[in-house]
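S.K.: Quick check, what structure comes out for this input:
(one chain, ligands or ions: 1)
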Amino acid sequence: MNWAIPAIALVTLCLPACNRSDAQLVASDQIVGDTIPQPLTTLLGRPEIGQTLFNAREAGHCVLCHQVVDSDTPFQGNLGPDLTFVGDRLSAGELRLRIADYDQFKPGTVMPSYYRTHDLYQVGEAFQNAPILTAQEVEDLVAYLAGLKE
Ligand code: HEC
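M.R.: Predicted structure coming up:
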């Protein structure tokens, strides 16, 4: 019997599936309801840094899709909900899930998953195993948005 054929078949089958990174930065057991109750880091989130990340084109650039009314940033988008008083509406845990990996809770959402490396499509090689934001940056954004209260 020629073993080469099954071996080739196995390798071919395995390539798309086995090449993928199955490790999830946010494990499903960290998600409780629609929240991630526990912070992703031990260092507290820094709201001023979160605000910079929110507005910076080279960082989160959240203003591409969201608006915060009293911010000075020009050209704020409206594809996503207005986040002006989001701290009144959502808890830190709810904010954390929405920023980190909302797609895991609400598949197909337009809101990008900023702390995720699994199941991404059309990602440049340099970015394949790196989330868009670090855990600390997610916490900084959570601290900033949680403080946006009326
Ligand atoms: C490509 C557009 C886009 C970008 C960029 C984007 N968002 Fe969103 N965001 C959305 C959309 C659309 C929703 C609504 C998602 C839904 O309900 O499925 C959303 C929802 C949210 C929510 C929940 C709001 C609510 O009232 O329920 C938060 C919080 C949020 N985004 C924060 C952020 C932060 C922080 C960033 C930047 C790191 C960001 N978003 C970048 C499109 C975007």
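
S.K.: can you list the residues of the protein near the ligand?
M.R.: 54, 60, 62, 64-66, 79-81, 86, 89, 95, 98-99, 106, 109-112, 114, 141, 145 (Cβ under 6 Å from any ligand atom). C-beta: built from backbone N, CA, C; applies to glycine.

S.K.: can we see that at 5 Å?
M.R.: 60, 62, 64-65, 79-81, 98-99, 109-111, 141 (Cβ under 5 Å from any ligand atom).

S.K.: if I pick the spatially most central residue of the chain, what's in contact with it?
M.R.: Nearest to the geometric centre of the chain sits Tyr114, at 2.1 Å (Cα atoms, centre = their mean). Shown in contact with Tyr114 (Cβ atoms under 8 Å, 6 or more residues apart in numbering): 60, 99-101, 131-133, 137-138.

S.K.: quick one: which of those is nearest to Ala23?
M.R.: Distance to Ala23 across the contacts of Tyr114 (Cβ to Cβ) is lowest for Pro131, with 11.5 Å.

S.K.: now the helices for this structure?
M.R.: 4-18, 47-55, 86-89, 92-105, 135-146 (DSSP state H).

S.K.: okay, the ones you listed, which one's buried deepest?
M.R.: Of all the helices of the chain, helix 135-146 has the most neighbours on average by mean count of other Cβ atoms under 10 Å, namely a mean of 24.

S.K.: per-residue pLDDT, the closest residue to Gln136 other than its chain neighbours?
M.R.: In this structure, Gln136 finds its nearest non-sequential neighbour in Thr41, 5.2 Å apart by Cβ to Cβ, 6 or more residues apart in numbering. With respect to pLDDT, Thr41 scores 96.
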